[in-house]
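Peer 1: mind folding the following:
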Amino acid sequence: MRRRVLVVRLDSEGDVLVSGPAVRAAAQGNDVTFLCGPGGKQAARMLPGVHDVLVWRCPWIDPTPSEVDNRDLAAVRRTLRRRGFDTALVLTSYHQSPLPMALLLRMAGVPWIAAVSEDYPGSLLDVRLRPGIEVDEDLPEPERALTVARAAGFALGPDDDGRLSVRALPKRPRLIGESPYVVVHPGASAPSRAWSPERCAQAVVELTRRGRKVVVTGGPDERALTARVAGHCGVDLGGRTTFPQLAATLAGAEAVVVGNTGPAHLAAAVGTPVVSLFSPVVPTRRWAPYRVPCVVLGDQTSPCRGTRARICPLAGHPCLNSVTAAEVADAVEALQGVRA
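Peer 2: Numbering: from 1, shown residues only. Take a look at the predicted model:
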């Protein structure tokens, strides 16, 4: 019998993308709806196996939360109840609790819920996976989510290798042209995870000096940043791509230079090698681009390690700004011709 499954991941694009293998497992013979935050909706719509997407700004997950509003909670509860879900997978990172969402789901009539929970869940969860006991705390995020799906009785198809994936892509923007290129993506969802604009611009110049075409990508609100980074050398695509077009742009690249942010996971989902400028505010072993060729740069022993800081707490952002343009260009060369 087909089940009506709700997969919940209320964070941003990267968090949604790493949920992909769990979604595909749940979608084997079932109808999957994905409940995400506003920052994750574009990624959710590109995940294979997702039948429908619901969007909600959750006040205990969103990085800039609004006040808890009873009318808002009641509206979400009504929507969930109308959908008649019989199973829910509440996917979280190690620092998040699934229990507030589980309570809301119970109040919406969802009869069966699975999640990872450090805290005692009482009757809120039917399957509780305890960190460090049923779930290895060092698992990469995609494997952590897939563990929840498996505990709920779902499994990947026999031909599914468990990598990140997205739906069929559109053609990449004509502005890129036909010659090989490298993508530099300077922005990040949190400033602590971004290489400085000056360093990014230097990398564009250095890569160009070494004979590579460089395409600079970014969202509509990053046009000033991408123009500054592209300078006179790079092709500036800032604000000129939809999310699927960004995926197509990354898919066509020889390598992607990017911080620990959504497009790093999007690059992994399309199989493109990544030069990861990784700020250690979150653990590399959990959040590095998953199962693609990758060179991680940045001081992983920095005092900011494990703080989850959105703004770098150290003067000069040394964990990333100690990386030079030459090191990035060397890393791109090391990944030459290597694909997932």
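Peer 1: residue 103 belongs to a strand?
Peer 2: No. Residue 103 is assigned helix when assessed by DSSP: H, G, I helix; E, B strand; the rest coil, not a strand.
Peer 1: what number of residues lie near it?
Peer 2: 15 (other CB atoms under 10 Å). For every residue, glycine as well, the C-beta is placed using N, CA and C.
Peer 1: nearest spatial neighbour of it, skipping sequence neighbours?
Peer 2: Of all residues not flanking residue 103 in the chain, residue 124 sits nearest, at 5.8 Å (CB to CB, 6 or more residues apart in numbering).
Peer 1: ok, now which ones touch that neighbour?
Peer 2: Taking CB atoms under 8 Å, 6 or more residues apart in numbering, we find residue 124 in contact with 99, 102-103, 106, 113.
Peer 1: now those as TSV including pLDDT and distance to residue 172?
Peer 2: Listed next are the contacts of residue 124 as TSV, based on pLDDT from 0 to 100; distance: CB to CB, whole Å:
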residue	pLDDT	distance to residue 172
99	98	43
102	98	41
103	98	44
106	98	45
113	98	40
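Peer 1: would you list the buried entries among these?
Peer 2: Buried subset of these (neighbour count, 16 or more other CB atoms under 10 Å): 99, 102, 106, 113.
Peer 1: what values do phi and psi take at the closest residue to the second one other than its chain neighbours?
Peer 2: Counting by CB to CB, 6+ apart, residue 102 lies nearest to residue 124, which is 4.0 Å off, once chain neighbours are set aside. In terms of degrees, to the nearest 10, the main-chain angles of residue 124 are phi -80, psi -30.
Peer 1: the stretch 101-250 of the chain: strands as residue ranges?
Peer 2: 113-116, 127-129, 181-185, 213-216, 235-236 (DSSP state E, counting those that start in this stretch).
Peer 1: for residue 203, which of these is the nearest?
Peer 2: Nearest of the strands of the stretch 101-250 of the chain to residue 203, taken as CB to CB: strand 181-185 at 6.1 Å.
Peer 1: the strands of the stretch 101-250 of the chain: which one's closest to residue 166?
Peer 2: Between residue 166 and those, the tightest spacing by CB to CB is seen for strand 181-185, at 15.9 Å.
Peer 1: for the closest one, output the C-alpha coordinates as CSV.
Peer 2: In CSV, the C-alpha atoms belonging to strand 181-185 read as follows (Å, rounded to 0.1, in the frame of the first residue of the first chain):
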residue,chain,number,x,y,z
TYR,A,181,35.4,27.0,-17.4
VAL,A,182,35.7,27.1,-13.7
VAL,A,183,33.0,28.5,-11.4
VAL,A,184,33.8,30.8,-8.5
HIS,A,185,30.9,31.3,-6.1
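Peer 1: thought residue 261 was touching residue 186?
Peer 2: No. Between residue 261 and residue 186 there is no contact under CB atoms under 8 Å: 10.1 Å.
Peer 1: in stretch 299-319, what's buried?
Peer 2: Quick answer for stretch 299-319 (16+ other CB under 10 Å): 299, 302, 304, 307, 309, 312, 317, 319.
Peer 1: just stretch 43-56 next, same as before
Peer 2: For stretch 43-56, by 16+ other CB under 10 Å, it's 43-47, 49-50, 53-54, 56.
Peer 1: helices or strands up against the helix or strand of the chain with the lowest mean pLDDT?
Peer 2: Sorted by mean pLDDT, DSSP states H and E, the helices and strands of the chain end with helix 318-321, the least confident at a mean of 91. Helices and strands touching helix 318-321, by 3 or more CB pairs under 8 Å, 6 or more residues apart in numbering; DSSP states H and E: there are none.
Peer 1: residue ranges with poor pLDDT in the stretch 201-340 of the chain?
Peer 2: 339-340 (pLDDT under 70).
Peer 1: and the helices in it?
Peer 2: 223-230, 243-251, 262-269, 284-287, 318-321, 325-334 (DSSP state H, counting those that start in this stretch).
Peer 1: Throw the contacts of residue 124 into TSV and include distance to residue 29, thanks.
Peer 2: Below are these laid out as TSV (distance: CB to CB, whole Å):
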residue	distance to residue 29
99	29
102	25
103	29
106	25
113	20
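Peer 1: ok, so of those, who is nearest residue 193?
Peer 2: residue 99 (27.5 Å).
Peer 1: quick check, that closest one in contact with residue 121.
Peer 2: Yes. Judged on CB under 8 Å, residue 99 makes contact with residue 121 at a distance of 5.9 Å.
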